[in-house]
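Student: Sequence below, structure please.
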Amino acid sequence: MVKVKICGLKEVEHVQAAVEAGASFIGFMFAPSKRQISIEHAAELAKFVPSHVKKVGVFVNPTVEQVREAVEKVGLDYVQYHGNESIDFIEKLGYPSIKAFSIRSYEDVEKASKYNVDYYLFDAPGTDFAGGSGQVFDWSLLNQLSISKDRVILAGGLNSNNIQQAIEQVSPMGVDVSSGVESNGSKDSNLIKQFIEAANGKRSVSI
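Tutor: Below is the predicted model of the structure:
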């Protein structure tokens, strides 16, 4: 069964909805974004995340100090690097890691193989911010991926209507969604539940 990461959560009710629906990862956005929250806010939300659900902190070109503070205060299980972080920077910090790559061409896919991280997140290019554009990239670019699919997380424009097609075509370990579970620019508990059900093949949803 594919694992689901619900990213950019800011409210207790949405964290609880994701946990109850069966999310495997909860993502807290620390980088500039309309979904950005403070470390203190994330620490409060983290109290509602059980140990079997992994807490992920999302950063774009952070400092070492910013990452360490968030990991310690929030109790992050993974650090997601969504910027131009170097291989050395990630290895120096040494935390369980997810590296995000914006995919425009196969060359972008190949860059991933140079990194030694726990998971590789393939996303559509961002617009105003890194990631979270709500756009889908060409999934066929991952057909010749040299990285094991057991370490791949698919993101970018996913929603309840296209998630099954995405899983069938890419066969990722996990999928990541943010804007695809929002209505009027905010997270929606019903959409979170519907997305996770659709990802697990429990029902076909049309919104």
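
Student: List of residues touching the helix or strand Glu110 falls within?
Tutor: For Glu110, the host element (DSSP states H and E) is helix 106-112. Contacts with helix 106-112, where a contact means C-beta atoms under 8 Å, 6 or more residues apart in numbering, come from Lys99, Phe101, Ser102, Ile103, Tyr120, Phe122, Leu141, Leu142, Gln144, Leu145, Ser146, Ile147. Just so you know, the C-beta spots here come from the backbone N, C-alpha and C atoms, and that holds for glycine as well.

Student: Lowest-confidence entry in these?
Tutor: Taking the contacts of helix 106-112 together, the minimum pLDDT is found at Gln144 (83).

Student: Helices of this protein, start to end?
Tutor: Secondary structure of the chain (DSSP state H): helices located at 12-21, 39-46, 64-70, 87-93, 106-112, 163-170, 189-199.

Student: Now the fourth one: average pLDDT?
Tutor: Taken as a whole, helix 87-93 has a mean pLDDT of 97.

Student: and that helix, how far from the chain's centre?
Tutor: Taking C-alpha atoms, centre = their mean, to the nearest Å, the mean C-alpha location of helix 87-93 is offset from the chain mean by 20 Å.

Student: again, but for the second one
Tutor: Mean-position distance between helix 39-46 and its chain equals 18 Å (C-alpha atoms, centre = their mean).

Student: which residues touch the residue positioned nearest the centre of the chain?
Tutor: Geometric centre of the chain, nearest residue: Asp176, 4.2 Å, by C-alpha atoms, centre = their mean. For Asp176, the contacting residues are Val4, Lys5, Cys7, Phe25, Gly27, Leu121, Asp123, Ile153, Leu154, Ala155, Leu158, by C-beta under 8 Å, 6+ apart.
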